[in-house]
Each structure stands twice: as structure tokens, then as C-alpha cells.
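K.L.:
structure of the sequence below:
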Amino acid sequence: MARLKMNRQKRTKKLATFSTLWIEIISLVNWYFQLVSIIIDIHIFMCPTRPRYRMLCPERKQYMQRLVYESDETCTQQLRMNRITFVKLCRMVEIDGKLKASRYLQVDEQVAIFLYVLAHHVKNRVAKFQFRRSGETISKHFNNVLNVVIRLEKELFKKPEPISETSTDERWKWFKGCLGAIDGTHISVHVSEADKPRHRNRKGEITMNVLAACTPDMQFIYVLPGWEGSAADGRILRSAMLQENGLQVSKGNYYLVDVGYTNGERFLARFRGQRYHLNTWLNGHRPKKAEEYFNMKHSAARNVIERMESQIHGDRGPGKNKKKWNDIEDEKLVEAMAGILNPGSHFKSDNGFKPGFFGAVETRLAVSLPNSGIKAKPHIKSRIKTLKSDWSVVHDMISWNNTTGFGWDYENKMLEAPQSVWQAYAQVHKNAAKWRGKKFPHYWDLCIVFGKDRANGRDAQTAADVIYEINNEQQESDDYMQRTRDGLEDIDVDAPRKRRNSWDPLMNSLKDSVDVIGSKIDNATSTINAVFGIERDRKELHKKLNFEMKKVVVRMLSKNDELMVIFFTIEDEDKFEWVKDLLEDDGWLDFDMVL
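P.N.:
Here you go, the predicted structure:
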């Protein structure tokens with residue numbers, strides 16, 4: 001027993017020693033990482049080759065600290081590169097590009113201004129507010145850094161190397177002697193009104209068509225900016241080949257190009273009329289002939305330039321470019337859309353929105369949500385698509401002819417229906433389940449924005465429906481004729497005519513009153529018509545239907561299918577008078593008081 005007790009004590013002592021040693025090792029590792037972090041910070045702030053990167057103004061020093069040097073996450077979000085890359089770029093433009101620091105503006109702040117404007121595509125007045133500088137200072141140093149970066153072309157662009165015969169790269173080993181891939185990408189630009197027609201691309205956006213060539217490892221070889229968005233890719237490539245310092249392709253080598261370019265000696269395009277895009281092969285389709293097999297390999301290799309274009313535009317693939325919209329941003333977005341799509345707006349088309357609509361929304365959000373970084377593409381365009389999809393689901397549940405049992409809770413701004421109705425509807429419509437108990441505060445506002453875009457099938461009829469309506473119309477006509485005939489038969493044509501009696505005093509006074517009122521109305525009507533004109537008066541009345549009144553009308557029409565049918569069947573010039581009478585009858589508004 002004594003020996004067992006001694007063994008237990010030894011094991012306990014060894015375990016305690018091991019635990020102490022393990023804690024010391026962990027502390028040593030932690031101390032090591034802290035030391036490395038301190039060394040990196042010292043390397044960034046106290047680099048001997050850049051002693052001038054210390055600002056005299058405490059406020060600007062604190063701002064640069066938060067913008068660049070505080071964390072890699074913030075630096076990447078604001079300037080599109082981490083801290084180490086930013087420091088390397090500052091060294092390059094200062095040592096190799098000979099960029100000089102001014103008395104009050106150091107090199108790193110100049111580079112930060114340059115990168116911030118490029119990263120967020122902001123104007124001078126926004127940048128000067130962010131950096132607490134004058135507009136002249138922002139413009140001057142932005143152009144200084146831009147000129148230096150352009151002079152560093154040879155250092156920034158990589159020299160192309162052809163694919164070797166011994167290459168084992170699964171994507172590129174099929175293309176011996178290939179230098180890389182070429183494609184054009186459209187960059188949004190701000191130009192004068194006179195230049196906009198030449199810069200408008202086939203999608204209606206004001207862009208610059210930039211030709212770019214890259215290596216298989218995603219390094220730029222050649223870039224040609226400046227061509228208008230309306231120019232064809234093939235024309236830009238010919239221009240690049242003919243320029244003195246243009247794109248050079250040695251004999252025996254070539255680039256992979258898209259179908260928009262000519263398939264020639266130094267440029268290899270795919271087979272036309274055959275499956276090509278990479279998604280086709282990723283979805284399980286296999287090539288059935290030699291042309292499709294070539295297109296599959298061509299698409300896999302040339303995808304490198306597509307990925308580089310995605311990085312330029314900030315589109316990093318599905319799910320990686322999403323923005324989390326909050327309630328305030330949604331509210332401002334809906335307000336901006338409703339404000340743009342006012343009566344007489346030229347942005348509304350029969351199948352959605354006309355070109356320039358998303359840019360106009362971005363401009364309004366830049367005022368209502370400053371520093372939010374919300375862009376037309378991909379943020380606004382994607383969010384509007386989501387809102388329209390959600391609105392369509394809710395709208396069908398409330399207003400669709402074949403849907404019953406759903407109502408709208410105006411206090412909580414959500415759908416309401418019995419549990420049995422929810423269960424039956426959700427079994428058929430999977431997208432409807434999430435709206436049970438979920439608020440949708442912008443539904444009625446979106447009815448104004450998307451109301452005319454939603455297909456309702458109101459005019460869809462089969463032959464049996466048409467025959468049924470014809471029979472009903474014929475039956476109503478026969479009934480009317482029969483009632484008219486019966487009324488005529490009841491008239492006694494042989495009855496003696498009575499002598500017309502004179503008006504008694506009460507009837508005479510009533511007649512006089514009616515005549516006076518009628519004359520007053522005629523005089524008022526003629527005066528109004530003479531001063532304003534009937535047509536212009538109606539146009540003014542149309543304009544006075546403000547946004548809140550439209551929402552009231554939409555709510556009333558969505559609850560009553562008969563009223564909705566009547567509204568869309570009457571003439572456009574009579575709709576205002578009809579809505580006016582409808583609102584006055586229901587006690588919503590006294591138009592005489594408003595107008």
C-alpha cells in the first residue's frame with residue numbers, strides 16, 4: 001500500500017511538472033507573436049528610408065493611422081490593398097518614380113488620396129472632405145501620383161513568357177507557345193454631354209472600353225485605355241497592334257481571345273456555333289466532338305482574364321460581393337426610386353427601367369447616405385432585383401385573383417391570414433413561407449415603383465370565357481329591350497291630354513333658384529375655361545396627385561377587384577376625375593379644400 005501511494009505521488013508530481021512546462025511554452029509562443037507584431041509595426045512606422053512619413057497635424061495623423069496603419073482589414077476595404085503592399089507602393093513611387101513630399105503633404109498621404117479616389121470612384125469634393133484638404137490640393141497630388149505610376153509601366157507590367165513544351169499546368173499545357181489571354185473590359189467614366197454618345201456602350205452605360213492582356217498567373221502584360229465604350233473589341237485590338245509602342249507578339253507565339261476578335265496568326269479564338277462557356281462544362285455536360293473539346297480547354301485557360309476583370313470591377317463571384325442592407329438604407333433606396341419615378345419621369349419604360357436609372361439612384365443615395373460606398377453596380381442593381389422579387393411574392397398573395405384569405409396588417413406592416421390559409425398556400429408557393437410574421441414596411445411604396453411591371457393575367461381568356469361573356473351581353477341586351485317594350489305598352493295613347501297647369505308658388509321659387517344656381521355655375525365654368533383652359537387645368541390636377549395620395553388609391557384598388565377593373569378600363573383622361581370622386585365618397589379627402 002505504501003508503494004502504491006508513492007507511485008501515485010510521483011505521477012501527480014510529473015503531471016504538475018508537465019502542466020507547468022506546457023504553460024511556459026504557450027507563454028513563450030504568445031510572447032513570440034507579440035514580438036513579431038511589434039517588429040512589423042516598427043518596420044512600418046520607423047522605416048529609415050522614409051523618415052518624412054510623420055505628419056505634423058495631429059488630426060491628419062490620426063486619420064491616416066485609422067485609414068492605413070491601424071489594421072489590414074480597414075486598409076484593404078478603403079484602399080484595396082494591405083499595409084505591407086501600401087508601404088511597398090510608397091517606396092516604389094518615391095524611390096523609382098521620384099515622387100516628392102511637399103511641406104505639408106507626405107508621400108503616403110498622396111498615395112492614399114490617389115488610391116481612395118480610384119477605389120471608390122468618388123469626386124473631388126468627396127475626397128477633399130475625407131482628407132480635410134482643399135480641392136486644388138486633392139487634384140494636384142492625385143495627378144502627381146498618377147503621372148508617377150504611368151512612368152513605372154515597365155516595373156509594373158510583366159514581360160510575357162510562352163508556355164513551354166514541358167508545361168504540366170492542366171489548363172495551359174494544351175497551348176504551347178501561348179503568351180496569355182486578351183479581352184476588353186468596360187470601365188465607367190464621367191465625360192461631357194457632347195462625348196456621351198460616343199462612350200455609350202450597347203447596354204446604355206457611359207464607359208471606356210479598355211483592352212488588357214495578362215499572363216497565365218494573372219499578371220498584366222499590356223493595357224490600352226482611352227477608347228470609347230461604343231468601339232468594337234476588334235477595332236481596339238487593331239489599333240493596339242499599329243501603335244508605335246503597342247502590343248507586340250513575337251512570331252510563333254499567340255494570345256487566346258474571345259469570339260469578338262478575329263481568329264488570326266497571333267490570336268487564337270474559339271469555334272463559333274459550339275458550346276463554349278465554362279459553366280456549361282461545370283454543370284456536367286461533356287464534349288461530344290473535337291470542336292467542343294477545344295472550346296472547353298480554351299474556355300478554361302482564357303478564364304484567367306475573366307477573373308482579372310472581376311477583380312477590377314470588384315465582383316468576386318457569387319456570394320462574395322454581397323452587402324448587408326439595413327432598414328435605413330432600404331428606406332432611402334425606396335425613397336430615391338419613388339422620387340425619380342415621379343409622374344412624367346423618362347426613366348420608366350415598358351419592361352423596367354431605362355438606361356441611367358441606377359446611376360441616378362446612386363447619385364441620390366450619395367446625398368442621403370454619405371460615405372456609405374453604395375454603388376449602382378453591384379449594390380443598387382442587386383438590391384432592387386431582390387426587392388422586386390419580394391414584392392412580387394407579397395403582391396400575388398394580396399391582389400392575385402386566385403388567392404383568397406390574405407389581408408394586410410397596416411399597423412405592423414405585414415401579411416395576415418389564418419393558419420390554414422398559410423399552410424395551403426405555402427405547400428404550392430415555397431417562397432411565401434418566409435413572409436409569415438415578417439414585416440415588409442415598403443410594400444405600398446414599391447407598388448408605385450413596380451406596379452405596372454407585374455404581369456396579372458387579367459386579359460387571359462379561353463374561348464369558353466369569351467362565349468360566356470358574349471352570351472351574358474346578349475342576355476342583358478334582350479332584357480333591356482323587353483323592359484323598354486313593356487314600358488311603351490303601358491302608355492295609354494288614348495288618354496285625354498290634360499291642360500298644363502301653372503306653377504304653384506313653391507315650384508316657381510324652386511325653379512327660380514335652380515336657374516340662378518345654373519347661371520352661376522355657367523359663369524364660373526366659362527371664367528375658369530377662359531383663364532386656364534380645360535386641358536391645362538386637367539394636367540395641373542394630375543400633377544397634384546402627390547405620392548401619399550397614390551398610396552391610398554393603390555390600397556383601395558388592391559382590396560376591391562371590381563374597382564381595379566373599372567380603373568383600368570376607363571380612358572386615361574377620365575381616371576383623375578374617377579379617383580377624385582372615389583376618394584371624396586369614402587371620406588378620404590376633400591378636393592375642394594386641397595385644390
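K.L.:
so residue 295 sits in a helix?
P.N.:
Yes. Under DSSP: H, G, I helix; E, B strand; the rest coil, residue 295 falls within a helix.
K.L.:
which ones are touching it?
P.N.:
For residue 295, the contacting residues are 270, 271, 274, 275, 276, 287, by Cβ atoms under 8 Å, 6 or more residues apart in numbering. Yep, even glycine has a C-beta here, placed from its N, CA and C like the rest.
K.L.:
from those residues, which shows the smallest pLDDT?
P.N.:
Of all these, residue 276 carries the smallest pLDDT score, 67.
K.L.:
ok so, going back, which one of the contacts of residue 295 has the most neighbours?
P.N.:
Counting by other Cβ atoms under 10 Å, residue 270 has the largest number of neighbours within the contacts of residue 295, with 22 neighbours.
K.L.:
measure it to residue 413 for me?
P.N.:
Distance, residue 270 to residue 413, by Cβ to Cβ, to the nearest Å: 52 Å.
K.L.:
and residue 365, by the same measure?
P.N.:
Applying Cβ to Cβ to residue 365 and residue 413 gives a distance of 23 Å.
K.L.:
between the two, who's got more neighbours?
P.N.:
residue 365 (21 against 14).
K.L.:
isn't the more buried one right up against residue 372?
P.N.:
Yes. Residue 365 is in contact with residue 372 according to Cβ atoms under 8 Å; the separation is 6.8 Å.
K.L.:
residues in contact with stretch 105-120?
P.N.:
50, 52-55, 60, 64, 67-68, 78-81, 86-87, 89-90, 93-94, 99-101, 122, 126-127, 130-131, 133, 137-138, 141-142, 144-146, 149, 373.
K.L.:
could you look up the SS state of residue 288?
P.N.:
coil.
K.L.:
any idea whether residue 370 is helix, strand or coil?
P.N.:
Residue 370 - assigned by three-state DSSP - is coil.
K.L.:
residues in contact with it?
P.N.:
Contacts of residue 370 by Cβ under 8 Å, 6+ apart: none found.
K.L.:
kindly report the same for residue 161.
P.N.:
Residue 161 touches 179, 215, counting by Cβ under 8 Å, 6+ apart.
K.L.:
hmm, 6 Å instead?
P.N.:
Not one residue lies near residue 161 by Cβ atoms under 6 Å, 6 or more residues apart in numbering.
K.L.:
quick revisit: filter the contacts of stretch 105-120 down to the ones in helices?
P.N.:
Among those, DSSP state H puts 60, 64, 78-79, 86-87, 89-90, 126-127, 130-131, 137-138, 141-142, 144-146, 149 in helices.
K.L.:
make a ChimeraX selection of whichever of those residues turn out to be buried.
P.N.:
Only the buried entries of the ones in helices among the contacts of stretch 105-120 go into this ChimeraX selection, using 16 or more other Cβ atoms under 10 Å:
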select :60,64,78,79,86,87,89,90,126,127,130,131,137,138,141,142,144,145,149
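K.L.:
now secondary structure and distance to residue 23 too, for the contacts of residue 295, in a markdown table please.
P.N.:
Output for the contacts of residue 295, formatted as a markdown table (DSSP: H, G, I helix; E, B strand; the rest coil; distance: Cβ to Cβ, whole Å):
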| residue | secondary structure | distance to residue 23 |
| --- | --- | --- |
| 270 | coil | 63 |
| 271 | coil | 67 |
| 274 | coil | 66 |
| 275 | coil | 62 |
| 276 | coil | 61 |
| 287 | coil | 61 |
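K.L.:
now, among those, which is nearest to residue 34?
P.N.:
residue 276 (53.3 Å; Cβ to Cβ).
K.L.:
let me know the secondary structure of residue 185.
P.N.:
Residue 185 is classified as strand under three-state DSSP.
K.L.:
isn't it right up against residue 307?
P.N.:
No. Using Cβ atoms under 6 Å, residue 185 is not in contact with residue 307; the gap is 11.7 Å.
K.L.:
between these two, who's got more neighbours?
P.N.:
Between residue 185 and residue 307, residue 185 has the larger neighbour count (other Cβ under 10 Å), namely 19 against 13.
K.L.:
excluding chain neighbours, what is closest to that one?
P.N.:
Once flanking residues are discounted, residue 185 sits nearest to residue 309: 4.5 Å by Cβ to Cβ, 6 or more residues apart in numbering.
K.L.:
what strand or helix carries the one you found?
P.N.:
If you go by DSSP states H and E, residue 309 is part of helix 290-313.
K.L.:
may I see the buried residues of the helix or strand just after that helix?
P.N.:
Once the chain leaves helix 290-313, the next helix or strand it forms, by DSSP H and E, is helix 327-340. Judged by neighbour count using 16+ other Cβ under 10 Å, the buried positions of helix 327-340 are 329, 332, 333, 334, 335, 336, 337, 338, 340.
K.L.:
closest one to residue 420 out of these, please.
P.N.:
Closest to residue 420, out of all of the buried residues of helix 327-340 and judged by Cβ to Cβ, is residue 334, at 32.8 Å.
K.L.:
list the contacts for that closest one?
P.N.:
Counted by Cβ under 6 Å, 6+ apart, residue 334 has contacts 442, 445.
K.L.:
let me know the pLDDT of it.
P.N.:
For residue 334, pLDDT reads 85.
K.L.:
for it, give its distance to residue 387.
P.N.:
Residue 334 is 8 Å from residue 387, by Cβ to Cβ.
K.L.:
likewise residue 194?
P.N.:
For residue 194, the distance to residue 387 - Cβ to Cβ - is 36 Å.
K.L.:
between those two, which one's more packed in?
P.N.:
residue 387 (21 against 7).
K.L.:
now that one. Nearest residue, chain neighbours left out?
P.N.:
Per Cβ to Cβ, 6+ apart, closest to residue 387 is residue 446, 6.3 Å.
K.L.:
quick one: what helix or strand has that neighbour in it?
P.N.:
Under the criterion of DSSP H and E, residue 446 resides in helix 443-450.
K.L.:
so which elements touch that helix?
P.N.:
On a contact count with 3 or more Cβ pairs under 6 Å, 6 or more residues apart in numbering; DSSP states H and E, helix 443-450 meets helix 327-340, helix 381-399, helix 547-559.
K.L.:
now do it: everything it contacts.
P.N.:
By Cβ under 6 Å, 6+ apart, helix 443-450 touches 334, 337, 338, 341, 388, 391, 394, 550, 551, 554.
K.L.:
all set, thanks.
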